[in-house]
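Quick one, fold the following:
(chains A, B, C and D)
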Number of protein chains: 2
Amino acid sequence: MTERAGQTVGRADRILDAAAELLVRLGYRKVTIDDIAQLAGIGKGTVYLHWRTKQQLFEAVLLRESISYVEELLDELRRDPAMLLPHRFIPASFLIVDRRPVLRALSEEYLRQAQSRSADAFLHSQELLASERFYDLMTRHGLLRDDVPNLAYTLSATMTGFHLYQDLDPMAVQLDMRAKLDSLAHVVRHAFEPAEPPTSEELAKAVSEVIAVFEDLIPPYRTWIYAYERTHEPG
Amino acid sequence: MTERAGQTVGRADRILDAAAELLVRLGYRKVTIDDIAQLAGIGKGTVYLHWRTKQQLFEAVLLRESISYVEELLDELRRDPAMLLPHRFIPASFLIVDRRPVLRALSEEYLRQAQSRSADAFLHSQELLASERFYDLMTRHGLLRDDVPNLAYTLSATMTGFHLYQDLDPMAVQLDMRAKLDSLAHVVRHAFEPAEPPTSEELAKAVSEVIAVFEDLIPPYRTWIYAYERTHEPG
DNA sequence: TGTTGACCAGATTTCATAATTGGTCACGAG
DNA sequence: CTCGTGACCAATTATGAAATCTGGTCAACA
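All right, here's what the predicted structure looks like:
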C-alpha cells in the first residue's frame, strides 16, 4: 500500500504546512508534535498515521520544499538554458537557502546535528540534487569537467565551505552576498566546468535531458513524502 | 620594553611546552593554568608574567607552532621551488594540521569557539600565512590568478570547506586522505592558478622573494609570542 | 626585583527534582 | 469495521540551588 483513501494527502499537506510554519517561527527543537497537530486542527495521534517519527516528518517538510525548489529551477531552465551552467545554478542554489526560510531553518538544524552526531537523516534529501544520474549527465554533455577527482565529494566540500565560512570569519560578514556569489561562481566555473563552454545545441540537449531525469526522479520522492510505509529512500 | 632579562625566554618556552603537551593530552577546555605552571615547575602567577590571559598563552602556542611550520615550508621551498605552486603547498598545509597534534587540537578548539561566538582570537594567527604581502607577491609572479574576486575570502572559504566537510558527511570518511588532497589540489590548481604555469626562472624569483618576505614577517610575530606588553598583532 | 600561592568573583559542574514531549494504543465516534 | 483521538508512559530535557573549579590578581616574601 502506497497511499490511503480520501483526503489523506490533503491532510498530510496541512500537517506539513503547520510543521513548516512552526519550524520557521520556533526552530526544530522547540516545535512539538502537539503544536503541529493543534495548528493543523487534528489530534496528535493522527500525525503518526502519516510519519513514524518527528524526524521523518521534518524530512518530508524538507523534501517537499526541495522538490518545489527543483521544479522552480526546471522552469527557469526552460526559459534560459544557460542557467544549467554550473557557475550559474550553483550560486543560485546557494542563494536560495538564504531566501527560503524553511530551508534556512533546516540547514541550521542540520549543522547543529552534524556538530554532535548522526545527521544523515537530513542528509539524504540532498541526494535529490546530487544524484549520480545528474552528475553523469552533466559530465556527458560537457557541462562538468571529466577530470575532477571524486566529483561529488569535491563539489560538496567546496560548496560547504562557502556555506559555513559565513559564520566563521568576520571578514565574510562584511562582504555582501553579491561578492560571495561571484567568488563561488568563479571557483565553480574554473574548477568544475570545462575550458570550452558547450555549444547552445549541446546545452539545449542537456537541458531537456535534465528535465527528463528530474521528472523521472521527483515522483518517487514525492510519494515517499506521503507514504507511511517506508524505512529508507526511494529509487 | 619588548623583552626581559636573563632566562625569561627560556622559561616562556618551557611554559609553552607544558601548555602544548597538556593541550594535546586534555584539550583546551580541561587544561588549567595551574596544571601548566605545575608541569613547568613554576608558580601560577609566573605564567601571568608572560601572558595576560589563558587565551593569549594559547595563541602563543599556536603562533610558535605556525612559525615552526612555516620555517619547515621555507626549507622545502629551498629544496624544491615547485612547492610554491598553490596546488602543491595548499594541500600540504591542509595535511599538516592532521599531522601536528598541537595544530589539530587548536583547530578543533577554534571550530568549537567559532560555533558559538568570537573566535577571532585564534584567527589572527592565520594572518601569518594569509598576509596581503604574500598574496600580492604570488599574484605578481604569476603563481595566483589575478582574476579571482575577493581572493582572500574565496581561498579561505574553499579551504575551510575541505577542512570542515570531514566531519559533516560520512562519505568524506570513506575517502582516504590521498583522495581528499587530490580533490583540493584540483580545485586550487584550476580556480586559483593561472592557466600557464610560471617559468622556472619566475618560480625561483618568487621563491626567493617569499623567503625574504617571511624572514621579514616572522621576527615580529616571534617577538609577540614572548613579549608581555601587547594588545594586538605585530606588523 | 622577580616570584609566588592564597584569595576572590564569576563561571562551570553536579545533582536532584520538576516539566516536557516523542511515541503508543485502548477506546470511542461514525 | 475503520479512522481518529488524547490520556498515558518512558525517557529526555529543563530548572535551579549548592558545591566546585578556575582564570586572574596582588600582598607578601625571597
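
any idea which helix or strand comes after the helix-or-strand element of chain A with minimal mean pLDDT?
The helix or strand of chain A with the poorest confidence is helix A:120-123; it has a mean of 53 (mean pLDDT, DSSP states H and E). Downstream of helix A:120-123, the next assigned helix or strand under DSSP states H and E is helix A:132-140.

residues in contact with that next one?
With C-beta atoms under 8 Å, 6 or more residues apart in numbering or on different chains as the test, helix A:132-140 has contacts from A:84, A:86, A:144-146, A:151-152, A:206, A:209-210, A:213-214, A:217. In short, each C-beta sits where N, CA and C put it, glycine included.

So which of these is the closest to B:T32?
B:T32 lies nearest to A:A152 out of the contacts of helix A:132-140, by C-beta to C-beta, at 44.2 Å.

Stretch A:160-175 vs chain B: in contact?
Yes - Stretch A:160-175 reaches chain B (C-beta under 8 Å from any C-beta of the partner chain) through A:160-165, A:167-172, A:175.

Let's test this: mean pLDDT of that stretch, rounded?
The pLDDT scores in stretch A:160-175 average 84.

Stretch A:19-39 too?
Stretch A:19-39 shows a mean pLDDT of 96.

now the residue nearest to the spatial centre of chain A, what's its secondary structure?
Compute the mean C-alpha point of chain A, and by C-alpha atoms, centre = their mean the closest residue is A:S66, 4.1 Å away. Assigned with DSSP: H, G, I helix; E, B strand; the rest coil, A:S66 falls in the helix class.

looking at it, it is touching A:L128, isn't it?
Yes - the pair A:S66 / A:L128 is scored as a contact, 5.6 Å apart, by C-beta atoms under 8 Å.

and A:F134, how many neighbours?
Here the number of neighbours of A:F134 (other C-beta atoms under 10 Å in any protein chain shown) works out to 18.

A:L73 versus that one, what's the distance?
Going from A:F134 to A:L73 by C-beta to C-beta, to the nearest Å gives 12 Å.

before we move on, back to that, buried subset of the contacts of helix A:132-140, written for ChimeraX?
If you want just the buried ones from the contacts of helix A:132-140 in ChimeraX, going by 16 or more other C-beta atoms under 10 Å in any protein chain shown, the selection is:
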select /A:84,86,144,145,151,206,209,210,214,217
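
Can you name the residues of chain A sitting close to chain B?
Residues of chain A found near chain B (C-beta under 8 Å from any C-beta) are A:114-115, A:119-120, A:123, A:147-150, A:152-154, A:156-165, A:167-172, A:175, A:179-180, A:182-184, A:186-187, A:190-191.

show me what contacts the residue of chain A positioned farthest from its centre?
If you look at how far each residue of chain A sits from its centre, by C-alpha atoms, centre = their mean, the farthest one is A:G43, at 29.9 Å. By C-beta under 8 Å, 6+ apart, A:G43 lies in contact with A:A37.

for it, phi and psi?
Dihedral pair for A:G43: phi -80, psi 160, per degrees, to the nearest 10.

What's the separation between it and chain B?
Separation of A:G43 from chain B (C-beta to the nearest C-beta, to the nearest Å): 37 Å.

Please apply the same query to A:S200.
As judged by C-beta to the nearest C-beta, A:S200 and chain B stand 24 Å apart.

before we move on, what about A:Y228?
27 Å.

Nearest residue to that residue in space, please, no chain neighbours.
Leaving out its chain neighbours, the residue that sits closest to A:Y228 by C-beta to C-beta, 6 or more residues apart in numbering or on different chains is A:H50, at 6.1 Å.

Surely the one you found touches A:R14?
No - here A:H50 does not reach A:R14: they are 10.4 Å apart, not a contact under C-beta under 8 Å.

Need the three-state assignment for whichever residue of chain A sits closest to DNA strand D.
Per C-beta to the nearest atom of the strand, A:G45 is where chain A lies closest to DNA strand D, at 1.9 Å. With three-state DSSP as the basis, A:G45 sits in helix.

burial count for it?
With other C-beta under 10 Å as criterion, A:G45 counts 9.

Please apply the same query to A:E132.
Per other C-beta under 10 Å, the neighbour tally for A:E132 reads 10.

residues contacting whatever residue of chain A ends up closest to chain B?
Here chain A gets closest to chain B at one residue, A:G161, 2.0 Å apart by C-beta to the nearest C-beta. Applying C-beta under 8 Å, 6+ apart, we find A:G161 in contact with B:157-162, B:164-165.

The same query, at a cut-off of 6 Å, please.
A:G161 is in contact with B:157-158, B:160-161, counting by C-beta atoms under 6 Å, 6 or more residues apart in numbering or on different chains.

Just the ones in helices from the residues you listed, please.
Judged by DSSP state H, the subset of the contacts of A:G161 located in helices is B:157-158, B:160-161.
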